[in-house]
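Q: Just the structure for this:
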Amino acid sequence: MARLTKAQREWRPGMPRPRRSIRVQFASVMLLTEAFVAFFATLVVFGLRGRDFGPGAVLGVGLTLVAVLILACAVVKRTWGLALGWVLQLVLIALGLVEPTMYFVGAVMTLCWWFAIRTGARLDRENLQRDREQAEWERTHPEAGGTELGGSGGEAQTQ
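A: Numbering: from 1, shown residues only. Next up, the predicted model:
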């Protein structure tokens, strides 16, 4: 039998699931998208300049970058993981030294990364505020049973 994670061991019936960070989810999606971009950029450089740099070097560096982008998804929830994400954005732009089109592609991906981080953080703040307000409302209205319609399950009562 597989070992249980800490969250699985501590879970009890009726416990609410902790809310996942939207910023982390957005950042992970962006890093995975950038891994695809880096993979296809590797193929482009391999096809256009493989003889100049050596096919092994192009594939080795390119696939290593793809692996780092994918592995960064696992650590993006830590503060240093977000910093790693920013460094990887600079690496994508720096690929323009090898293939000039990557200046543009890297800049667009960095803009998307910035937007994802900024929007995710804003949505996380809004969710935190919403959770606080919901907890306060439930404290002041214990008779409602946690629903706004007085426990009717959201169905309209007809007579």
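Q: Could you tell me which residues make contact with the closest residue to F39 other than its chain neighbours?
A: What sits nearest to F39 in space, not counting adjacent residues and going by Cβ to Cβ, 6 or more residues apart in numbering, is V66, at 5.0 Å. C-beta coordinates here come from the backbone N, C-alpha and C atoms, glycine included. Applying Cβ atoms under 8 Å, 6 or more residues apart in numbering to V66 gives the contacts A35, A38, F39, T42.
Q: give me every residue that touches the second one.
A: Meaning A38. So A38 contacts G62, L65, V66, L69, L92, L95 (Cβ under 8 Å, 6+ apart).
Q: Output the helix or strand encompassing A94 as PDB, nothing but the C-alphas.
A: Taking DSSP states H and E as the definition, A94 sits inside helix 79-94. Extracted as PDB, the C-alpha positions of helix 79-94 are listed here (Å, rounded to 0.1, in the frame of the first residue of the first chain):
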ATOM      1  CA  THR A  79       9.500  32.400  -3.000                       C
ATOM      2  CA  TRP A  80      12.800  31.300  -4.600                       C
ATOM      3  CA  GLY A  81      10.700  29.300  -7.100                       C
ATOM      4  CA  LEU A  82       9.100  32.500  -8.300                       C
ATOM      5  CA  ALA A  83      12.600  34.100  -8.600                       C
ATOM      6  CA  LEU A  84      13.700  31.100 -10.600                       C
ATOM      7  CA  GLY A  85      10.700  31.700 -12.900                       C
ATOM      8  CA  TRP A  86      11.900  35.300 -13.500                       C
ATOM      9  CA  VAL A  87      15.400  34.100 -14.300                       C
ATOM     10  CA  LEU A  88      14.000  31.600 -16.800                       C
ATOM     11  CA  GLN A  89      12.200  34.500 -18.500                       C
ATOM     12  CA  LEU A  90      15.500  36.200 -19.000                       C
ATOM     13  CA  VAL A  91      17.000  32.900 -20.400                       C
ATOM     14  CA  LEU A  92      14.100  32.800 -22.900                       C
ATOM     15  CA  ILE A  93      14.900  36.300 -24.000                       C
ATOM     16  CA  ALA A  94      18.600  35.600 -24.100                       C
END
